[in-house]
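In: what follows is a protein structure lacking sequence information:
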């Protein structure tokens, strides 16, 4: 089942210009620092040229103009994108195995499209709809009236609570939970009682959600995730959050209730966003930053820190704080006393 | 199965005073900004009046005294609480289906109360006890000698390690893990060996725990969560933590070993609490704040920042740091040099 | 099945020197503050003597030289380590039950060693290898060609994606996901497309991984975790991360793509490490700290804060910031204006 292909053939498939040993046989892919003589790797720009020059890779996908003497190279416009296609060539996805495993428990009035794949010990509630060619991994639980579009992939052990709706080509990684109750309570007479969470979750086409991420249902309306948005592992999306299209949200970020994130926003890891905040189109939130409740991050702005401020302002402050010991020297520093405070 | 009710009837059920079109038919609930002509919504105070005035909701639950001319309104003392009851009216919980699914694997000497609901592919260890009317979702695994009170709800794919004890009316959301080993090791001869985690977890009545949250067993004594406490998704509760009654703990907060949290504490998202810290009664911990190991947060105090300080003090510091660029102007700022530090 | 043993016998087993009532019967272990008259507890140093003096424990494991008049004591060189052995004595692990549960779904060409234990509703893909005496808990899903060494313990509901490799004596707690796709995309024409994640995960001997932790497969090469490393709950390990031997990584820490962590590193909770950073041998990262992308933390260094700085420097800055209100008094503070900024 192993794929073997010459440099010449690979260049043709990728639409690139080969240089060097065109008949060399290639059998796999690897990272530039460890790829071997029959493996393909890539470099994105001249900045990676030093690594490329010492790489043992049998073939390098490289942008035009980067000098790589004595190397076998395929010149391509976008090496990262070409590499993605090379990886797919050597690591084709496992063949689909349409069919319903005999151990799957299927409820009443379930609509299952053509060529759907349902794994062992899957549990599907009443009136669920699953679009053509979708794949439901072992041990997934789909609550009643959940709806999946076409070509979705649910890895093993995903939970969809009742009524969750997925578009087409949605990928949910193992352990992720969609549609759990939002964290809403009423405090009366010294105790919390549950505010019933009657909304749902709507995930649009081409969304990918990482392992063990949690997405709560809305309290009244839906929680929404827009087309093409990619969410990493262990992210929390609270009730009634609205995330736009083509956003990227890195691991362990937490998005509180009723937050609005517009299109094309980029959010780094471990960011916290307070309830009802709004992150406008194209904003970038730096790692671990904290957006206060009800704040607005303006379109296109890059922010950092807690509370988050525009990057330039944040860096300026940080630099000044770092210089405080010297600055304070100028304003009569009783320094010995400072030292005790961290242990107070 | 749809509920339909007039404004007049709803007012009676909620014990409120109707105004406007009393015969209007209502069929559901919705958020104030998108509720339609047959839907109920609510406003909590005069602050929400502008939204209410442009709302298309067929009926608004509103506090007395907020002017809402031309609207159909039901006046209630606590609109949020009344809304919760309205939601339950239109979205009654799905009918319980007592019984044990034939695929459930049940160990020896298991005690199962009346009207218990056990879903497909549940695995129950020896000597487990499950109180009346509790519901165990598909794919849950209950280790031996786990004990559940009455009316508990375990959503699909919850794990209870052996010996975990739940009170009555405990709700555990999908993917949550209770009773995993605490993170305890002995470092000897250059390697870590496991300190056996022989304690348990005890969760009192009326606790709710979010999706994919993890609660470790104690090393020696128990990990304890007090009555009425609500815990959000992806929270970590380490070994031997003691959490009091009626606390609220938001998503992605981490509570280290042997921390004590007294009653009525409110903890925002992504808070970190170091081992052996104590958070006294009624304290409030702001989002992303960090409590150092062995620290005490005093009763009723609101703290913020890392390391956490009383809110007033923290905000004062932040404001001063924000003004540093201007202040430093007065103490001769070699500003060009600062700019390099963030990239050092 | 209960273990009962005299103080004299326990001292022999632990290789310690008994003092006091040598014939006292012991039946269990407990924390020093709540252990009863038939329970063993321990103290690590003279610092815990006040607790020990008021403890009701029937027997205390104590280091030499700490005065504990009127107490029944066993003197041992390392009380914590001796206590671990005492816990194992009173709480022996449940007897293993080798065998394959009839509900397990086993693929083709699976190699299963002697005395392996496979629980109910486990799903094992084709060509998986499981070493002798390993235990696979209920509801685990092992993707095809996954390889497990000997004496591994997978608690219920663990997912291994295809091709993941575990050494021997690896412990994976419930809900953890190993081998999910790394978070890698190509942004072209206004949308993100997936960079196929073709690498794997390799976990060495004696690693323990906490509940609901996620470890992504490499994009090209592997993600690697070295021998003896211990990882807590809800940690994120991204693609192509390389973690060395005998590291300790506390809960909710996030490690971004291609980070290198050398041997013997200690990482506290909620730490964030940016992509391509390197943490050298023996470094210590303080709770919630943030390591910027591409940064190097030097061998043996202790760092704290975001962005992380050497501990001494960080504490100095914090102390100065805490003193700013007083310092600024000296440079003419228009204080009223500051107060508004937090609400801006």
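Out: Looks like it came in fine. Computed from a predicted model, the values in this text were never measured in an experiment. Numbers count the residues shown, from 1 in each chain, chains lettered A, B, ... in the order given.

In: so is the residue of chain A found nearest chain B in a helix, a strand, or just coil?
Out: Residue nearest to chain B within chain A (C-beta to the nearest C-beta): residue A:319, separated by 3.5 Å. In this view, the C-beta of every residue, glycine as well, is placed from N, C-alpha and C. Following DSSP: H, G, I helix; E, B strand; the rest coil, the label given to residue A:319 is helix.

In: excluding its backbone neighbours, what's nearest residue A:6?
Out: Once flanking residues are discounted, residue A:6 sits nearest to residue A:23: 5.4 Å by C-beta to C-beta, 6 or more residues apart in numbering or on different chains.

In: mind checking how far that neighbour is from residue A:36?
Out: Distance of residue A:23 to residue A:36, given as C-beta to C-beta, to the nearest Å: 17 Å.

In: more neighbours: which of the two?
Out: Shown here are residue A:23 and residue A:36; by other C-beta atoms under 10 Å in any protein chain shown, residue A:36 has more neighbours (13 against 9).

In: burial of the residue lying closest to residue A:237 once chain neighbours are set aside, as a residue count?
Out: Spatial nearest neighbour of residue A:237, chain neighbours left out: residue A:215 (4.3 Å); criterion: C-beta to C-beta, 6+ apart. Close neighbours of residue A:215, defined as other C-beta under 10 Å, add up to 29.

In: got a list of what residue A:215 touches?
Out: Contact analysis of residue A:215 by C-beta atoms under 8 Å, 6 or more residues apart in numbering or on different chains lists A:176, A:177, A:178, A:179, A:180, A:201, A:203, A:209, A:223, A:225, A:237.

In: just checking, the first one touches residue A:214?
Out: Yes. With the criterion set as C-beta atoms under 8 Å, residue A:176 and residue A:214 qualify as a contacting pair; they are 7.1 Å apart.

In: quick one, what contacts residue A:247?
Out: Going by C-beta under 8 Å, 6+ apart, residue A:247 touches A:226, A:229, A:230, A:261, A:263, A:264, A:265, A:266, A:267.

In: low-confidence ranges, the stretch 201-344 of chain A, go.
Out: Along the stretch 201-344 of chain A, the parts satisfying pLDDT under 70 run over A:328-344.

In: would you mind listing what in it touches chain B?
Out: Taking C-beta under 8 Å from any C-beta of the partner chain as the contact definition, the stretch 201-344 of chain A meets chain B at A:212, A:214, A:216, A:218-221, A:234, A:236, A:238, A:240, A:252, A:254, A:256, A:270, A:272, A:274, A:288, A:290, A:292, A:306-307, A:309, A:315-323, A:327, A:330-331, A:342.

In: which stretch of helix or strand covers residue A:315?
Out: helix A:311-329 (DSSP states H and E).

In: and what of residue A:183?
Out: Per DSSP H and E: residue A:183 is located in neither a helix nor a strand.

In: what is the burial count for it?
Out: The number of residues packed near residue A:183 is 26, by other C-beta under 10 Å.

In: what's the nearest residue to it if we skip its chain neighbours?
Out: Per C-beta to C-beta, 6+ apart, closest to residue A:183 is residue B:232, 4.4 Å.

In: and the one you found, what is it in contact with?
Out: Neighbouring residues of residue B:232 by C-beta under 8 Å, 6+ apart: A:183, A:236, B:210, B:213, B:249, B:250, B:251, B:252, B:253, B:269.

In: and those residues, which are buried?
Out: Among the contacts of residue B:232, those scoring as buried are A:183, A:236, B:210, B:213, B:249, B:250, B:251, B:252, B:253, B:269 (criterion: 16 or more other C-beta atoms under 10 Å in any protein chain shown).

In: out of these, who's nearest chain C?
Out: Distance ranking of the buried ones among the contacts of residue B:232 against chain C, using C-beta to the nearest C-beta, places residue B:252 first at 6.8 Å.

In: touching, that closest one and residue A:256? I think so.
Out: No. Taking contacts as C-beta under 8 Å, residue B:252 lies outside contact range of residue A:256: 10.3 Å.

In: quick one on the thing from earlier: hang on, the residue nearest to residue A:237 in a strand?
Out: Yes. Counting by three-state DSSP, residue A:215 is found in a strand.

In: beta partners for it?
Out: Assessed by DSSP bridges, residue A:215 has beta-bridge partners residue A:178, residue A:237.

In: and the gap between it and residue C:312?
Out: Distance from residue A:215 to residue C:312, by C-beta to C-beta: 42 Å.

In: cool, residue A:29 as well?
Out: The spacing between residue A:29 and residue C:312, counted by C-beta to C-beta, is 45 Å.

In: the more surrounded of those two?
Out: For residue A:29 versus residue C:312, the count of surrounding residues by other C-beta under 10 Å is larger for residue A:29: 27 against 12.

In: show me the contacts for the more buried one.
Out: Shown in contact with residue A:29 (C-beta under 8 Å, 6+ apart): A:35, A:39, A:40, A:41, A:83, A:86, A:87, A:90, A:91, C:198, C:220.

In: what's the spacing between it and residue A:3?
Out: Residue A:29 sits 10 Å away from residue A:3 when distances are taken as C-beta to C-beta.

In: intersection of neighbour lists for these two?
Out: Contact criterion C-beta under 8 Å, 6+ apart; residues bridging residue A:29 and residue A:3 by contacting each: residue A:90.

In: now the helices for the stretch 1-150 of chain A?
Out: With DSSP state H, counting those that start in this stretch as the criterion, the stretch 1-150 of chain A has helices at A:7-14, A:49-54, A:79-90.

In: need the winner for burial among the ones you listed.
Out: When the helices of the stretch 1-150 of chain A are scored by mean count of other C-beta atoms under 10 Å in any protein chain shown, the highest mean neighbour count falls to helix A:79-90 (a mean of 21).

In: what is that one packed up against?
Out: helix A:7-14, strand A:28-29, strand A:39-42, strand A:59-62, strand C:185-188, strand C:191-194 (3 or more C-beta pairs under 8 Å, 6 or more residues apart in numbering or on different chains; DSSP states H and E).

In: now render these as JSON lines, adding distance to residue B:132.
Out: Putting the helices and strands packed on helix A:79-90 into JSON lines (distance: least, C-beta to C-beta, whole Å) gives the following:
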{"stretch": "helix A:7-14", "distance to residue B:132": "65"}
{"stretch": "strand A:28-29", "distance to residue B:132": "58"}
{"stretch": "strand A:39-42", "distance to residue B:132": "62"}
{"stretch": "strand A:59-62", "distance to residue B:132": "65"}
{"stretch": "strand C:185-188", "distance to residue B:132": "50"}
{"stretch": "strand C:191-194", "distance to residue B:132": "49"}
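
In: and these as TSV, adding mean pLDDT?
Out: Shown next, in TSV, are the helices and strands packed on helix A:79-90 (pLDDT from 0 to 100):
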stretch	mean pLDDT
helix A:7-14	97
strand A:28-29	96
strand A:39-42	97
strand A:59-62	97
strand C:185-188	94
strand C:191-194	96
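
In: related to what we said a few turns ago, and the residue of chain A closest to chain B, how close does it get to chain C?
Out: For residue A:319, the distance to chain C equals 11 Å [C-beta to the nearest C-beta, to the nearest Å].

In: where's that residue relative to residue B:145, distance?
Out: Per C-beta to C-beta, residue A:319 is found 58 Å from residue B:145.

In: now do residue A:246
Out: 50 Å.

In: same check on residue A:152?
Out: 39 Å.

In: which residues of the stretch 1-150 of chain A lie near chain C?
Out: With C-beta under 8 Å from any C-beta as the criterion, the stretch 1-150 of chain A meets chain C at residues A:29-31, A:34-35, A:41, A:78, A:80-81, A:83-84, A:87-88, A:90-91, A:94, A:101, A:103, A:119-121, A:137-139.
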